[in-house]
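Peer 1: Sequence below, structure please.
(chains A and B, ligands or ions: 2)
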Amino acid sequence: MNHLLEVSGISVTFDGFRAINNLSFSIGTAELRAIIGPNGAGKTTFMDIVTGKTKPDEGRVIWGEKSTNLLKLNEAKIARAGVGRKFQRPTVFEDQSVAENLMMALKANRAPWSVLFWRPTKADHFKVAALAEEVGLGDSLARKSGELSHGQKQWLEIGMLLAQEPRLLLVDEPAAGMTLAEREQTTALLVDLARTRAVVVVEHDMEFVRRLGCKVTVLHEGSVLAEGSLDHVTSNPKVIEVYLGR
Amino acid sequence: MKPGFLAKNPSVLTFLLVLAIFTLAITFLSDAYGSGLVSTSMVKTLGKTLCLCLIAIAMDLIWGYTGILSLGHFAFFGLGGYMVGMWLMFARTRDIVLASAGGALPMTPQELSDAIASQIFGVVGASELPTVWAFAGSLPAQLALVVLVPGLLAFVFGWLAFHSRVTGVYLSILTQAMTLALSLYLFQNDSGLRGNNGLSGLQNIPGIEGAGQDAVSVWFLWASALALALGYMLASFIVSGKFGSVIRGIRDDEARVRFLGYSVESYKLFVFTLTAVIAAIAGALYYPQAGIINPAEMAPIASIYLAVWVAIGGRGRLYGAVVGAAFVSLVSTWFTGGRVPDVNLGFYTVKWVDWWSVLLGLSFVLVTLFAPKGLAGLVDLVQGLRPPRRGGTPLGPDDGSLQEQEAVE
Ligand SMILES: Nc1ncnc2c1ncn2[C@@H]1O[C@H](COP(=O)(O)OP(=O)(O)OP(=O)(O)O)[C@@H](O)[C@H]1O
Ligand SMILES: [Mg+2]
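Peer 2: Numbers count the residues shown, from 1 in each chain, chains lettered A, B, ... in the order given. Ligands and ions are numbered 1, 2, ... in the order given. Below you'll find the model as predicted:
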């Protein structure tokens, strides 16, 4: 199987505390993967490393057909290489409208000079409207995103992620603050997206993970504790002990 | 700029109209071209104020929009002034030397250069032309340097600072240190720019001795108004499109902008360098109207005043910056000019010349605390009376996060 992202043997230490410990992980070009694990297991830190926010002390992060070393790239370049990220807390530009947020995320040349002279075409307006529609914000395009509810901000951020057209989506706790109906919608969307690209979902909610129906990686104290189907990992005694038993 | 830009930005059109009417009105009230109701020195003050409005736009771009509190833009302003001042002083001294040589034997270039040098640098006890004056004889060269020297300094400084990811207060301190270092350097006599004497006699424009100061002052008013108009249009072009979205995004959450794939450092560097050049052009127009420039003009306090103007006017809005700079600098001239009657409290006499800084500082604190939108916020109050044009009322980030908390609960 060919891998889109291959993380091998990474470790990170924060002030003497090992947040990630010899972690290895890989995902294919069109695969859905859930990562679960107790608080502080290192799930967010793992995403920080892949997206370039945190540099690991050791290990390798290899990307794509050309086997690019992501550790050599900065955050912006990694994002341009095709890694999109949704944060644990919704982070949208609250001072700007939904349309502006989406327009900024839309895949296009990111260099200052071309951005300066870039003006949206009809097709761009159409794309933004379609994206907004897809995430249920079709009639909120002109609203400031700061006015949106928590759940709507989550959706807007997902919309921005889609606008980037990434090859790998890292999604940190997407369902937080969403209603049951919204959660179902989110799972459907993620499953659909994973048909054409790689999607990694961090989630605490077991029901949510079950609906994703994908391979699960259990993280504990910065390394992989178990990997496999949800039923497989939830019957693992070690997993029950550190995570489910509590 | 595409056609329709003005139509899409009605506030730009309003601004340009107001500026044009103002400039015409002053022209028709001036000594040279009108009734003489406005004195030449007043025309100069107004012309200088327009230059200050231009640098305030630069400050608003870098601080109000991009979120970088630069305390160094007056250094670029001063450098622009020095660059144009060198030509003004050199060319005028050359004319004087040539005139006084009269019908005597023609001078060799070396003799001429030495004569000019001893005229200009006599005060600092030097008689040779420093190398930084190499191009001072050429107006086009010095005009190019107005852009190149501050632009290059800003580029190198910005590159080093932004690529090592210095942000926030540390960056402000760094820009202030740069400003201080530059002004201290210029204070030295052997800096080649006449130390604390600075450059003087800049109001006399070589080649147009025929025209009096009353006419020249109006010409500079026009030039300053034109520069301000162009600067305003450029700035609103920059902030109106996606570029504006990106820099406001950098101001609010630069990490998030990085994860969208934008190279935050390049954007900061771009805006920093561009605004330095705008500031330099403003300075190059300001000092011929002021007549004199010395290193004290570039002291860090000047850049702090600039931040105060923009804050009082309302940052994050171009007309706010302009209003703030015009209002505060004119009021400041009025107070410090000694023309405001002292207030006798019986036990103490409030001398405005001394107390103005306190008053300014106080209003800065009050505006920051109670009216963060500044004077431009008044426009919102007026517009609030009309039905809002857009889908919703603007809520600040604070209100947004409030809803977020509610949603979590
Ligand atoms: N920048 C940092 N400095 C110091 N410690 C950190 C830093 N980032 C993370 N940590 C620590 O590393 C550990 C892993 O954190 P991480 O945020 O990755 O956990 P998580 O699995 O995402 O947890 P949660 O489920 O609560 O989101 C935690 O103990 C955290 O306190
Ligand atoms: Mg986390």
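Peer 1: Can you name the helix or strand that whatever residue of chain B ends up closest to ligand 1 falls in?
Peer 2: Relative to ligand 1, the nearest point of chain B is B:A255 (12.3 Å; C-beta to the nearest ligand atom). Using the backbone N, CA and C atoms, a C-beta is placed for each residue, glycine as well. Per DSSP states H and E: B:A255 is located in helix B:242-259.
Peer 1: Is that helix in proximity to chain A?
Peer 2: Yes: counting by C-beta under 8 Å from any C-beta of the partner chain, contacts between helix B:242-259 and chain A involve B:242-243, B:245-246, B:248-249, B:252-253, B:255-256, B:258-259.
Peer 1: Ok, stretch B:272-289 next?
Peer 2: No: residues of stretch B:272-289 contacting chain A under C-beta under 8 Å from any C-beta: none, with a closest distance of 9.9 Å.
Peer 1: for the record, mean pLDDT for that stretch?
Peer 2: For stretch B:272-289, the per-residue pLDDT values average out at 97.
Peer 1: Let me see the ranges of the helices in the stretch 1-150 of chain B.
Peer 2: For the stretch 1-150 of chain B, the helices defined by DSSP state H, counting those that start in this stretch cover B:5-8, B:10-29, B:40-59, B:73-101, B:109-121, B:139-163.
Peer 1: Just the helices from the stretch 251-400 of chain B, written as ranges.
Peer 2: Using DSSP H, counting those that start in this stretch, helices in the stretch 251-400 of chain B cover B:264-290, B:300-313, B:318-336, B:352-370, B:377-384, B:397-408.
Peer 1: Closest to A:S97 out of the residues of helix B:242-259 next to chain A?
Peer 2: Among those, B:S245 lies closest to A:S97 (C-beta to C-beta), at 9.3 Å.
Peer 1: Quick check, that closest one in contact with A:L106.
Peer 2: No: look at B:S245 against A:L106 with C-beta atoms under 8 Å: they stay out of range, at 10.8 Å.
Peer 1: between those two, who's got more neighbours?
Peer 2: Using other C-beta atoms under 10 Å in any protein chain shown as the criterion, B:S245 and A:L106 rank with B:S245 on top: 22 against 19.
Peer 1: what about A:A175, which SS state?
Peer 2: Classification of A:A175 by DSSP: H, G, I helix; E, B strand; the rest coil places it in coil.
Peer 1: and it, how many neighbours?
Peer 2: The burial count assigned to A:A175 is 24, neighbours taken as other C-beta under 10 Å.
Peer 1: Now do the domain split for chain A, please.
Peer 2: Per the record, chain A has its domains at A:1-82+A:200-246, A:83-165, by automatic domain parsing.
Peer 1: Can you tell me which residue sits nearest the middle of chain A?
Peer 2: Central residue of chain A (C-alpha atoms, centre = their mean): A:L170, 1.7 Å from the mean position.
Peer 1: tell me the SS of A:I27?
Peer 2: strand.
Peer 1: Quickly list what it is bridged to.
Peer 2: Assessed by DSSP bridges, A:I27 has beta-bridge partners A:L5.
Peer 1: List the contacts of B:Y185.
Peer 2: B:S191 (C-beta atoms under 8 Å, 6 or more residues apart in numbering or on different chains).
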